[in-house]
Each structure stands twice: as structure tokens, then as C-alpha cells.
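Asker: Next comes the sequence, and after it the predicted model I'd like to discuss.
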2 protein chains.
Amino acid sequence: MAGEKENVLGITVKKSEDFSEWYNQAVLRAELADYAPIRGFMVIRPNGYAIWEKIQLYFDKVIKGIGVRNAYFPLLIPKSFFEKEAEHAEGFAPELAWIESKGQGNGPEAEERVAIRPTSETIIYDSYSKWIRSWRDLPLRMNQWCNVLRWEVKQTKLFLRTREFLWQEGHCVYAAKEECDREVRLILDEYRKLAEDVLAIPVIAGVKTDSEKFAGALYTTTIEALMPDGRALQMGTSHNLGQGFAKSFGLKFLGENGKEQLPWQSSWGFSTRLIGAVVMVHGDDKGLVLPPRIASHKAVIVPIVFGDSKEVVLAKAKQVANELEQFNVFVDGRDNYSAGWKFNEWELKGIPLRIEVGPKDIGKKQVVVVRRDTGKKEFVPEKELKRRMGEILDEMHKDMFAKAKKFLDSNIVEAADYPSFKKAIEERKLVSCWFCCEAEAEGKIKEETGATSRCIPLDWKEGNGKCFFTGKPATKKVLFARAY
Amino acid sequence: MAGEKENVLGITVKKSEDFSEWYNQAVLRAELADYAPIRGFMVIRPNGYAIWEKIQLYFDKVIKGIGVRNAYFPLLIPKSFFEKEAEHAEGFAPELAWIESKGQGNGPEAEERVAIRPTSETIIYDSYSKWIRSWRDLPLRMNQWCNVLRWEVKQTKLFLRTREFLWQEGHCVYAAKEECDREVRLILDEYRKLAEDVLAIPVIAGVKTDSEKFAGALYTTTIEALMPDGRALQMGTSHNLGQGFAKSFGLKFLGENGKEQLPWQSSWGFSTRLIGAVVMVHGDDKGLVLPPRIASHKAVIVPIVFGDSKEVVLAKAKQVANELEQFNVFVDGRDNYSAGWKFNEWELKGIPLRIEVGPKDIGKKQVVVVRRDTGKKEFVPEKELKRRMGEILDEMHKDMFAKAKKFLDSNIVEAADYPSFKKAIEERKLVSCWFCCEAEAEGKIKEETGATSRCIPLDWKEGNGKCFFTGKPATKKVLFARAY
């Protein structure tokens, strides 16, 4: 019976040979998600949702620490709201799902037409306009964890691009631009920490060009990661919305000087696509490799049973699991599966460490610890296990990050002209180049190469260069890539 | 300026005189929620959402402890799914919101018609039918925290009846009816504990009559509370769905005996209406009274400043707040508001305890602790504060529960015939009576009195009585009331 299942359990293609198929199989077979009966939608299964919960737990604490409070705003947004901020309206119109009829036959005539939120700026700022009166009400910082819907026409992909997804959207209001700018960056840096320190995914933080900024924003900052197939993935964005939404939605406040003023606003979000990034960046031919800090279970204990050792081994396995309670370790004590089958299953599902407990090890008062990412085995004395396990998990995080960082760094190339740019894009690189940042040029580049500008990295200084595409003077170096 | 605000801050009607208006003002002015721009929708503001988070935190731990895992299923459900289980379809059809057009003009012709979930049985069981193969996959226990939409035609009311609301919906699958029955009751008992031990709201647990059961269920269990205006409020329901959905959605499993079998299913849920119940049951003319176990901040410290004592008093207040960190206590150190104004504000918002720190108290090494529910003042030596505060919060919980329990118990009356039933309903009582449980009788009673059967309480034994309405033999005593 184990043999039978083994055939369908594993991933049948190599990550290096058919990345897209490998990804789909990894997500489906590790039971992170499944396809839904409606095209472009997905079901997030418990293994996948547990990762989202870990991300939420971490980040919710971060934002509460900086004074953000959670709230919940309606799913449906009136048509007139989309029309108030022109750029925003234009940006989202193609992706809206409108409600046709409601309840007992009331058609759209009966009440104003409504659409499912693709993002909530408009409906939140309508409320803010009622709540904000004076400078004492500022800064106002709120966030919501919710579902949003964008009726994508592009090919959808589990976690990375689905018509409905889960996310957090933060919405803050400030009296002054400087404060708004500062917190836009603060959030971006928290996103960077989430990606790097929790998910072990290195990112490049930067500012979007005008063509790629959020519809209605003054400017957009972003963190971008590089996937193994050479495509960039936007991991989170933090926008300074300027005063445009405030103007459109009637937000104003009485300043300390007694004068009525327009506030400054920010919004920021990341979504369940982060789960897809984790799979892509860290997974291997055997399946998932979960970064230790988001793994619900840091280790699985597999009892190695020979002859009549079963009872002794199982008892020891349970004792070890109890001692490692802080790591949420569990024993796979199933009778009807071989140890090898269990190894395969938990490798597929990406549990960071496997602990083997066998009769010989018991005699030596030790266990075997195997790292999922490297397969490295280590004999650890029982006495030292708790301490050593913490260390191994930390080493594993660092090594996983370092490996991904090396890949990122070694795939950034410079291009001074369009031919070398095109060559680099074909070679699936992140391409760094002086760019005039004109929208028309960017449009043509996208059309001809499929590459989009990802960001103007924050840590790159302005200078004087020549645009690789138009030959015009350029002050900024921009990163381009094909993207998810 | 304080004076100005004071006029609009407080609640302008008495709870005993205009309960409905009092409730709306309490919710709005304590900033738990606000009306949304679309009729029948609401915005849950941070003060309200914080209560929901406390409820989630508590209950999520409970269900994980019994093996339930969280997941997330799509917002939209195909039309054909609603049609598979006939009773279910009929029950929800009047409240569905259908999607009209999506994205770039694709009308409903392009793909199957879809509606926003009013509950997720159908779409979840479609997935379950793919995931469940053998007895080894059972029991399967999942839950999702999400938004649902029911296009109510009844008058909506903040938290209690809104077209969109947040809830949890649990969906379990079992091999045997007995196991399903047992866990349906287990969840109901966890709901009872949540209501009573966390929200301090006493409830009656029982089974719904067939007329009031969930559309498509074998039977529905419920916990019912009594609001101060004599209306019952359903606080949570736990359904045994029987095998009907399994049949309709093709769920089956290979039993240990090697034969294909239909599984048994349960579903269970409670929603953000619990927040409305908390306001109604515990609030008073000054505003909210939060049960201590769901209050984010267990106490506010108000510094009482005379003359030049400001620095000393503020320093002491902060010191006390630090010592009470585990209770998430904060200092209201605002300059431009009087102590009296602060008292009013935190009473309106329902913070369980107020701690006053003044120059005299500092001299005596004590603070004043004032309970929100009773207004009772207590001088507590600084040294004993941490311990004593825990005690006071526990006493407060018990007293709030006891008060509500007394109200509930004293408002249950017996009725042997229809005239006395009608009189009791007019007097806003929970009416206990022998009832034949026939749907037609129940329909007439509802039509003529506005009362519905709330439940057949679990702790009442079956017997032999005469139906108060039809005069037919009746084996069950049923509770009736007007309800939210």
C-alpha cells in the first residue's frame, strides 16, 4: 500500500527542468492549496493557511507595536466611489466584479451599483472623512486583514495570481508630508524584515517608476524578490498617496494653527502570494522546504523500528517530543507506513528537521537530526537536543537566506544599451540600467521584451548616465525584469 | 473645549426608556462601529474589532485543541452548487447577491453564474469530495474565519443583523453518526463556555425545531441568550448535517471494512453579532461595560492633578501602568481634558476598571480602583495592586454573569394555553410550553405573535403534555420568544 501511494505522492518533474509544472505540483502535493471550481480561484488548504497564520501573527504584532489598529470595512463599494479619484478608478476598472441582483430580485436599479473591493482606499477614506476633525485625531493608523477580488485576465497561478486573494491593507493619515514619507519607509522596512528575517527571502527595496506606481499614489515603494526562473516577484508595496484621495473624499482637519488643512495619506499591503514565493525560492525536487521561522512544526520525529523494539522506540520518541514541545514537534507513529515513506512525505511537506529515533540511538543516548534543506545528518546527544535544535534552526535560516541571496546577487547584471538589455532579459536576469523613466519608453520595452521596471533601488545614489533605451540623459538606475 | 465635546459624547437616552436608540448610540459613540455608505452594511471600528480579535484568539485556541485546522475557501459559489442540496438552496436563495459582470465586460454568459457566499457548505464539500478517500482521512475537521453576505430584507441593525458579517464556520466529516453527534454537542458546549465564561452572557443550550433548523441539516443545536428588551438572540449554532450534503456532493469513503460509505457531517458557526449581545446585555446609561475577559485594556489610569503635583502624579501613574503591564493598562495623560471628562469617556467606552492616582493617594501609597459595572470604589495599597486587580476583574466577571443570569431566569415563564402564551410574549418573556412541534402551528404562532421557537432545551427531559396551541399530545417543552 505504501508503494502504491509513493507513485502519486512525489513531484514528477525537476525544478530545474520544468519550473512552472514543478511549482504547481509542489503546491498541490504538499497540500498547500487546491484549484477551486471557479476559474482563477483557489482553496487555501490547512498546510498553506498555517503559513499565512504565522505571517499574520508576526506582522500583526509589528504593526500594533507602531500604533496601527485593526478594523473591518465593507466588502462592497459603491460605483460613485470608484469615480471620485480618477487615476485610481482607471487603474481598477478593468478588474471589477459588479453585483447584478440581490436578495429577492432587487436589481441594480433599486440601489446604487456596487462592486467587490479590489482594494479599499475609497470606502475607507469615506469613513475617515467623517472621523477626522482636528490635528488631535492624527496620525490615524488602521489596517485590515481581508479578502479582495480582482478579475484578472492574465493566466492565474496558485498563490501568485488569483482572482481572489487574502492580504493586509494598512491605511494611515498624517498631518504632514514628512511624517507620511517616514512611515511609508518604516513599513517598507518592516516588509523587508518579514521577507528576509522570517521568510528567508532576500529582497531589493526601491521606488516604482511612475508607470508602475499604484493607481492614485504620489509614489510607490516596493520590495522585489527574484524567483529561480528569473522572474521578479513584488512582495509588498507601501504607497505615499499624497493628498489626492483626501481631496477627492473630503478629508480635512483643523490644524494646531486653527486652519483647515488637507492631510497626507499612505497605504500598504502584502498578500498570500508570499506563500508562493516561499515555495519557489526554497523548494527543491523533493518538495517544499519551509523556512524554520514560519514552520508550524519545526520537526517531525520518525521512529525507526526493528524487530521487537517498537514499544521502546515509540516511548522514547514521545518523550523526546515532549521535551521539544516549544518547537511543536510531533511523532509520526503510523503503523502502516514505512520509515522511508514517512521521510518522503515530510520532505514533500517541507518540515525543517527530521529526528530519527531508533534502538541503536537509544542505546547511545542520542538521536539523528536531518536538515531538510541540505539533507545533512547530525548525531545529537539527547541531553543537548533542545539547545542544539534551536541552533540548527537558526543555522538553517541563515543558510537558506544566504543561498537565496547569492542567487539574487549573481543574477543582477548591468546593461548600457538595448541589445545587451534584451540579451540579459532573455537570460532571465535582473537588469540594472540608466533609464530616463519616461512612460512611453517603458511601454515599448514591456511590449518588446516582456520586461517591466521593478524599482529604483533605495540604496543606489543618483548620478548622471545615459538612458539605455532612449539615449537621453538619465539620473536614475532602474532594475528591470520579467515579473510575476 | 471639553465642555463642548461633553455634549455630544454621552448617550442621550436611557437604556430602560428607548432600548433601540440607546443601543445604536452606545455602539456608535463608543466607536465600536459606524454605518457604511451601502444600506445594511457596517464598518467595524478598531474598538469593536478588538473585541472580535479577543473572541478569535480565545476560540481559535479551543478548536485547534480539538484538532480543527483553519483553511480558506473561495468567496464566490457557482449557481449549480446551490442547486445540489434542495433544502439548502431554498433556504438561502432569497438572500443571495449574484455577480453581474466581471473584468473587461465578460457577462454572466461567459462563465457559470456565481454568487457571494452566504455560508460555505456547498463549496467546501465540493473540495472535500476530492480530498476524502478512505477512513484514514476521517475525521476531517476544518474551520474558516471569513466574511459572508446575506441580502437581508429585514431591518438591519449594527452587529445584530447586517448584510455582510464576519464569522467562523467549522465543517467536519466523520465516519459514524455517533461521532458526529458527539462533536456537534462538544462544539455547542464550547460556544456555551465562550458566551458564559468569556462574554459573561448566560445562555440556554437546546435543539431547534424542524421549522427553525439550518437549511439542509438533520438537526440544529443552538445557544440562546435573552436581551434586556425581552428578545432572544441566537449566539451560535452547531448542526448535524446528516448525510444529505455528502450524497449531493459525492462525498464517500472506503471504510475499514473495505466498503464504500457515506460520511456524516457537521457545521457550526458564530458571528460578530456576539459583539452586539455584549453591548446589549452589559451596557448601561453611561455606555459600554466590557466583560473583563474580552477587554483589551483591563484598566485606564487617570492622573488626578492639583496645583504643582503634575510631574509627580504622572510619574507615579506611569510606574503603576508598568507594574500592571500584564493587564495592558494605559495612562490617560492628556493635558487638555479634565479628569471628569476622562472618566466619562472611558465609562462610555466600557473599560472595566478606572485607577485614579492623585497626590493624596501617593502619600498614602495607595490608588483608587473603580469598577465600571457597579461604580464601586476601593482603596488598594500599591503593594497589593497587581494581585488585587486580578481578583477584582474575576469578581467583576462573576457579578456581571450573575446579574445577567438572574435576569434570564426571572424572565422565563410557563404558558399552558394560547392566551397566556400571547400575554407572556407581549410582556417580553421567554415562554416555556408543551408544543407539538408541527411546522404549520409554528408558522401561525409566528404570524400572530411575532414569536418563534428558540429551542428545546437540552437539560429538559421529555414528558407527556398537551400542546398549548393545538391541544395535541406533546412530548417536548419548547422555549418561544420574539427574537433578533
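Answerer: Here it is on my side, so go on.

Asker: How about chain A: which residue is closest to chain B?
Answerer: The nearest approach of chain A to chain B comes at A:E100, 2.9 Å away (CB to the nearest CB). The way it works is simple: take the backbone N, C-alpha and C, and place the C-beta from them, glycine included.

Asker: And the strands in the stretch 151-300 of chain A, which stretches?
Answerer: In the stretch 151-300 of chain A, the segments counted as strands under DSSP state E, counting those that start in this stretch are A:164-174, A:204-207, A:219-226, A:232-242, A:253-254, A:260-261, A:264-271, A:299-303.

Asker: Could you do the stretch 1-150 of chain A as well?
Answerer: Counting by DSSP E, counting those that start in this stretch, the stretch 1-150 of chain A forms strands over residues A:33-35, A:42-44, A:69-70, A:76-78, A:97-102, A:114-116, A:140-149, given from the N-terminal end onward.

Asker: related to what we said a few turns ago, as a markdown table, the strands of the stretch 151-300 of chain A with mean neighbour count and distance to chain B would be great.
Answerer: What follows is the strands of the stretch 151-300 of chain A, written out as a markdown table (neighbours: other CB atoms under 10 Å in any protein chain shown; distance: least, CB to the nearest CB, whole Å):
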| stretch | mean neighbour count | distance to chain B |
| --- | --- | --- |
| strand A:164-174 | 22 | 5 |
| strand A:204-207 | 22 | 29 |
| strand A:219-226 | 25 | 23 |
| strand A:232-242 | 24 | 20 |
| strand A:253-254 | 18 | 11 |
| strand A:260-261 | 14 | 17 |
| strand A:264-271 | 25 | 12 |
| strand A:299-303 | 25 | 16 |
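
Asker: can those go into a markdown table with extra columns for distance to A:A26 and mean pLDDT?
Answerer: Putting the strands of the stretch 151-300 of chain A into a markdown table (distance: least, CB to CB, whole Å; pLDDT from 0 to 100) gives the following:
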| stretch | distance to A:A26 | mean pLDDT |
| --- | --- | --- |
| strand A:164-174 | 19 | 98 |
| strand A:204-207 | 25 | 98 |
| strand A:219-226 | 17 | 98 |
| strand A:232-242 | 16 | 98 |
| strand A:253-254 | 50 | 98 |
| strand A:260-261 | 52 | 97 |
| strand A:264-271 | 19 | 98 |
| strand A:299-303 | 18 | 98 |
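
Asker: Nearest to B:A246, out of these?
Answerer: Closest approach to B:A246 among these is made by strand A:164-174 (26.4 Å; CB to CB).

Asker: tell me which strands and helices that closest one is in contact with?
Answerer: Where contact means 3 or more CB pairs under 8 Å, 6 or more residues apart in numbering or on different chains; DSSP states H and E, strand A:164-174 is packed against helix A:46-65, helix A:121-131, strand A:140-149, helix A:177-193, strand A:264-271.

Asker: Pull out the buried positions in the first one.
Answerer: By that I understand helix A:46-65. A:46-55, A:58-60, A:63 (16 or more other CB atoms under 10 Å in any protein chain shown).

Asker: For that helix, list the C-alpha coordinates in CSV.
Answerer: As requested, the backbone C-alpha atoms of helix A:46-65 are provided in CSV (Å, rounded to 0.1, in the frame of the first residue of the first chain):
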residue,chain,number,x,y,z
PRO,A,46,-4.7,24.0,6.2
ASN,A,47,-1.0,23.5,5.4
GLY,A,48,-1.0,26.7,3.3
TYR,A,49,-3.2,28.6,5.7
ALA,A,50,-0.9,27.7,8.6
ILE,A,51,1.9,29.6,6.9
TRP,A,52,-0.4,32.6,6.4
GLU,A,53,-1.3,32.5,10.1
LYS,A,54,2.4,32.5,11.0
ILE,A,55,2.9,35.5,8.8
GLN,A,56,-0.1,37.3,10.3
LEU,A,57,1.0,36.5,13.9
TYR,A,58,4.4,38.0,13.2
PHE,A,59,3.3,41.1,11.3
ASP,A,60,0.2,41.9,13.3
LYS,A,61,2.4,42.3,16.4
VAL,A,62,4.8,44.5,14.4
ILE,A,63,2.1,46.9,13.3
LYS,A,64,0.4,47.0,16.6
GLY,A,65,3.8,48.0,18.1
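
Asker: if you average pLDDT over that helix, what comes out?
Answerer: Averaged across helix A:46-65, the pLDDT comes to 98.

Asker: do it and chain B meet at all?
Answerer: Yes. With CB under 8 Å from any CB of the partner chain as the criterion, chain B is reached by helix A:46-65 at A:P46, A:G48, A:Y49, A:A50, A:W52, A:E53.

Asker: is it true that A:F249 touches A:Y125?
Answerer: Yes. A:F249 is in contact with A:Y125 according to CB atoms under 8 Å; the separation is 4.1 Å.

Asker: and the two? which has more neighbours close in?
Answerer: Relative neighbour count places A:Y125 above the other of A:F249 and A:Y125, with 24 against 21, counting by other CB atoms under 10 Å in any protein chain shown.

Asker: shouldn't the more buried one be in contact with A:K247?
Answerer: No. Applying CB under 8 Å, one finds A:Y125 not in contact with A:K247, separated by 10.4 Å.

Asker: just to revisit the earlier point, least confident of the strands of the stretch 1-150 of chain A, on average?
Answerer: With a mean of 83, strand A:97-102 has the lowest mean pLDDT of the strands of the stretch 1-150 of chain A.

Asker: Run through the neighbouring helices and strands of that strand.
Answerer: Here strand A:97-102 touches strand A:114-116, strand B:97-102, going by 3+ CB pairs under 8 Å, 6+ apart.

Asker: possible to save those strands as CSV with mean neighbour count and distance to B:A232?
Answerer: Shown next, in CSV, are the helices and strands packed on strand A:97-102 (neighbours: other CB atoms under 10 Å in any protein chain shown; distance: least, CB to CB, whole Å):
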stretch, mean neighbour count, distance to B:A232
strand A:114-116, 24, 32
strand B:97-102, 20, 28
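
Asker: could those be laid out in JSON lines, adding distance to A:I132?
Answerer: Shown next, in JSON lines, are the helices and strands packed on strand A:97-102 (distance: least, CB to CB, whole Å):
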{"stretch": "strand A:114-116", "distance to A:I132": "25"}
{"stretch": "strand B:97-102", "distance to A:I132": "31"}
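
Asker: Minimum distance to B:K349: which of those strands has it?
Answerer: strand A:114-116 (32.0 Å).

Asker: Near chain B, which residues of the stretch 101-250 of chain A are found?
Answerer: Within the stretch 101-250 of chain A, the positions lying close to chain B (CB under 8 Å from any CB) are A:101-104, A:106, A:108, A:111-112, A:114, A:116, A:123, A:126-127, A:130-131, A:142, A:146-147, A:149, A:151-153, A:164, A:166.

Asker: which of these are buried?
Answerer: If you count burial by 16+ other CB under 10 Å, the buried members of these come out as A:101-103, A:114, A:116, A:123, A:126-127, A:142, A:146-147, A:149, A:151-152, A:164, A:166.

Asker: Please consider this matter closed, and thank you.
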